[in-house]
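Q: Quick one: sequence plus predicted model below, questions after.
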Amino acid sequence: MAKFYSSLSEIKSELQSGNITVVELVKNYLDQIQLNAHLNAFNEVFADEALTRAAQLDDSFKQGTAGKLAGMVIGIKDNICYKGHKVSASSKILDGFTSIYSSTIVERLLAEDAIIIGRCNCDEFAMGATNESSHYGPVKNHADNSKVSGGSSGGSAVAVQANMCHAAIGTDTGGSVRQPASFCGLVGLKPTYGRVSRHGIIAYASSFDQVGPITRSIEDAALLLEVMAGADEYDSTLSQKPVENYSTNLQQTTGKKKIAYLQEALTSPGVDAEIKSNLTQYIEKLSADGHTVTPISFEHLDYLVPAYYILATAEASSNLARYDGVHYGYRSTAATDLLTTYKKSRSEGFGKEVKRRIMLGTFVLSAGYYDAYYAKAQKVRRLIREKTESILQEYDFILVPSAPEPASEIGRVEKDPVVGYMADIFTVQASLAGVPAVSLPTGNNSKGLPLGLQLLTKHFGEQELLNFSKYFLQL
Ligand code: GLN
């Protein structure tokens, strides 16, 4: 059994003292990948390439030229482009497609000597919260193989959970980094909208999509964010704000903070009893430590999920128009002319959930319904954002569970998709408001399934969020 390292600094000291080489490290992960193949976490493993890079890194270590992320072996979600490598968004429609350029974040990670060991399974086009919409099948939770991994970055989370790589990169549109991290006992960070480049990330809903790390420690989350964040001429939504040195500035918060928690999380019948008691325990610990912890009620709570799904599907229907059987990947062999190429390729290439969303998104954007749904949802989004910002003027953090229930049985959402949508209730607020949020592991339930709590803070408050998370995790 390969050793679990809780942070890159542990790996680095092992490398420096000569206890292990990068090649051995990569071999260990490759063994774990083989041993855990049944979890279905990877769509493809770049074994030879990872070993070659590892050997080069062992040399750079000796010469003292290794980058910040040397020794960090990562998995990337299969919607992140890496030049010369296949990328599928776990969809049949991208079958056989190879990235012709690398995403900015991949370039930045490689420039600091991270090793990318493979591309991780995910929900098709990142649409889902259980990883069950993947064309390549569901990812199983390592804590209980009958349970889902969470999603949409389920493969990324399980790859780290089962020690198949040290950390992973996911994308979070409405919770896809935070929720699988919570189902797998890990840290999952969604940065502020506009902090990390999406150039070279397969778009789902562009006004929400963000890239974020899934890690075992806050230190690693800080380091990965620091490397990935910052202006990029290829993504005009990015802020020009300088990137803080999150990892070197990382310091466990010592002062007393004002924390608001969502009252409904403790009273709503839809929230699992053990999640409620987990939240209560942390509220008590924080209060006992001298923080001001206040229950608040979020008046727009009932509108969070509907507003998110109207806007996300509208944007998805537009973003996914480009998969037409002509430009990318899969083309139906039954096509006879241009129209049947579009129709048959899309009908055969997209899965059920993606089709459902394209249709819903097209509907809410259609001339007769635009005002009633899309325009209305935009207004609701504005209210949600303003209300969230005003809470965060008064409080340093908002504390909510990451999900209303722990990882569910594989197959459950298939029977009732609305159950799946409602499960996003606690993650979409940060996405709609564009604020940063982190899911932190807060122990297991009585069945051994990991639970997580989430902290939200102000736009570009990542440093504070990380510092407080470091404190929170030792409570
Ligand atoms: N579960 C949400 C959805 O299906 C969020 C997915 C995501 O963040 N990519 O849209």
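A: Okay, I see it. Residues are numbered from 1 along each chain as shown.

Q: Next, count neighbours for the closest residue to residue 39 other than its chain neighbours.
A: Among residues not flanking residue 39 along the chain, residue 140 sits closest, at 4.8 Å (C-beta to C-beta, 6 or more residues apart in numbering). C-beta here means a position set from N, CA and C on the backbone, and glycine is covered the same way. Per other C-beta atoms under 10 Å, the neighbour tally for residue 140 reads 23.

Q: Would you agree residue 140 is in contact with residue 36?
A: No. At 9.1 Å, residue 140 does not count as touching residue 36 under the criterion of C-beta atoms under 8 Å.

Q: Just the endpoints, please. Distance across stretch 72-89?
A: End-to-end span of stretch 72-89 (C-alpha to C-alpha, to the nearest Å): 24 Å.

Q: Please see if it touches the ligand.
A: No. For stretch 72-89, no contact with the ligand is found by C-beta under 6 Å from any ligand atom; the gap never falls below 8.8 Å.

Q: and the residue nearest to the spatial centre of the chain, what is it in contact with?
A: Centroid-nearest residue in the chain, with C-alpha atoms, centre = their mean: residue 177, separated by 1.8 Å. When contacts are counted by C-beta atoms under 8 Å, 6 or more residues apart in numbering, residue 177 touches 153, 156, 170-171, 188-190, 210, 212-214, 439.

Q: can you redo those as TSV with neighbour count, pLDDT and secondary structure?
A: Shown next, in TSV, are those (neighbours: other C-beta atoms under 10 Å; pLDDT from 0 to 100; DSSP: H, G, I helix; E, B strand; the rest coil):
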residue	neighbour count	pLDDT	secondary structure
153	38	98	coil
156	42	98	helix
170	33	98	strand
171	28	98	strand
188	36	99	strand
189	32	99	strand
190	33	98	strand
210	27	98	strand
212	32	98	strand
213	31	99	strand
214	34	99	strand
439	34	99	strand
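
Q: got CSV for these, with distance to the ligand too?
A: Shown next, in CSV, are the contacts of residue 177 (distance: C-beta to the nearest ligand atom, whole Å):
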residue, distance to the ligand
153, 7
156, 11
170, 8
171, 6
188, 11
189, 13
190, 8
210, 9
212, 10
213, 15
214, 13
439, 12
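
Q: how far away is the residue nearest to the centre of the chain from residue 32?
A: Distance, residue 177 to residue 32, using C-beta to C-beta, to the nearest Å: 22 Å.

Q: What ranges does the protein have for its strands?
A: 42-45, 73-77, 115-120, 140-141, 144-148, 167-172, 187-190, 210-215, 258-262, 292-296, 397-401, 437-444, 450-456 (DSSP state E).

Q: Please identify which of the ones you listed is closest to residue 313.
A: Go through these one by one with C-beta to C-beta and the one that ends up closest to residue 313 is strand 167-172, at 16.7 Å.

Q: what comes into contact with that closest one?
A: 8, 72, 74-77, 79-80, 105, 109, 120, 122, 126, 152-153, 156-157, 159-160, 176-178, 180, 188, 190, 201, 204, 209-216, 220, 224, 228, 427, 431.

Q: go with 6 Å
A: Strand 167-172 has contacts (C-beta atoms under 6 Å, 6 or more residues apart in numbering) with 74-77, 126, 153, 156, 159-160, 177, 190, 209-212, 214-215, 220.

Q: May I have the strands that pair with that strand, each with its orientation?
A: strand 73-77 (parallel), strand 210-215 (antiparallel) (DSSP bridges).

Q: Kindly tell me how buried residue 289 is, as a neighbour count.
A: Neighbour count for residue 289, taken as other C-beta under 10 Å: 12.

Q: wait, residue 421
A: 18.

Q: so what's it up against?
A: The neighbours of residue 421, taking C-beta under 6 Å, 6+ apart as the test, are 305, 309.

Q: Report pLDDT for it.
A: Note on residue 421: pLDDT of 94.

Q: how far away is it from residue 175?
A: As defined by C-beta to C-beta, residue 421 lies at a distance of 11 Å from residue 175.

Q: Same check on residue 206?
A: Taken as C-beta to C-beta, the span from residue 206 to residue 175 is 17 Å.

Q: Those two: which is more packed in?
A: For residue 206 versus residue 175, neighbours defined as other C-beta under 10 Å are more numerous around residue 175 (33 against 15).

Q: so what's the more buried one up against?
A: Contacts of residue 175 (C-beta under 6 Å, 6+ apart): 424, 427.

Q: May I have the phi/psi pair for it?
A: When read as degrees, to the nearest 10, the backbone of residue 175 gives phi 140, psi 0.

Q: Would you mind naming what in this structure lies close to the ligand?
A: 126-129, 152, 172-176, 204, 312, 424.

Q: 5 Å - rerun?
A: Contact residues (C-beta under 5 Å from any ligand atom) of the chain with the ligand: 126-129, 152, 172-176, 424.

Q: Which members of those residues are classed as buried?
A: 126-129, 152, 172-176, 424 (16 or more other C-beta atoms under 10 Å).

Q: nearest to residue 376, of those?
A: Looking across those and measuring by C-beta to C-beta, the closest to residue 376 is residue 174, at 18.4 Å.

Q: Model confidence for that closest one, exactly?
A: Taking residue 174 on its own, its pLDDT is 98.

Q: Next one: it relative to residue 458, how far apart?
A: Per C-beta to C-beta, residue 174 is found 20 Å from residue 458.

Q: One more: residue 201?
A: On the measure of C-beta to C-beta, residue 201 and residue 458 end up 24 Å apart.

Q: Just want to know which of the two has more residues nearby.
A: The neighbour comparison of residue 201 against residue 458 (other C-beta under 10 Å) goes to residue 201, with 26 against 19.

Q: got the contact list for that one?
A: 80, 103.

Q: now swap in residue 23 and tell me
A: 54-55, 58.

Q: looking at those, which has the most residues close by?
A: Most surrounded of these: other C-beta under 10 Å gives residue 54, at 21 neighbours.

Q: isn't that one right next to residue 27, touching?
A: No. Applying C-beta atoms under 6 Å, one finds residue 54 not in contact with residue 27, separated by 8.2 Å.

Q: For the ligand, what's the nearest residue on the stretch 351-475 of the chain?
A: residue 424 (4.7 Å; C-beta to the nearest ligand atom).

Q: mind listing what that residue touches?
A: Contacts of residue 424 by C-beta under 6 Å, 6+ apart are 129, 174-175, 305.

Q: out of those, who's nearest residue 395?
A: Of the contacts of residue 424, the one sitting nearest to residue 395 (C-beta to C-beta) turns out to be residue 175, at 21.1 Å.

Q: Where do the helices of the stretch 151-300 of the chain begin and end?
A: 154-161, 178-183, 218-228, 246-249, 264-267, 273-288 (DSSP state H, counting those that start in this stretch).

Q: Show me what the last one is packed up against.
A: Contacting helix 273-288 under the criterion 3 or more C-beta pairs under 6 Å, 6 or more residues apart in numbering; DSSP states H and E are the following elements: strand 292-296.
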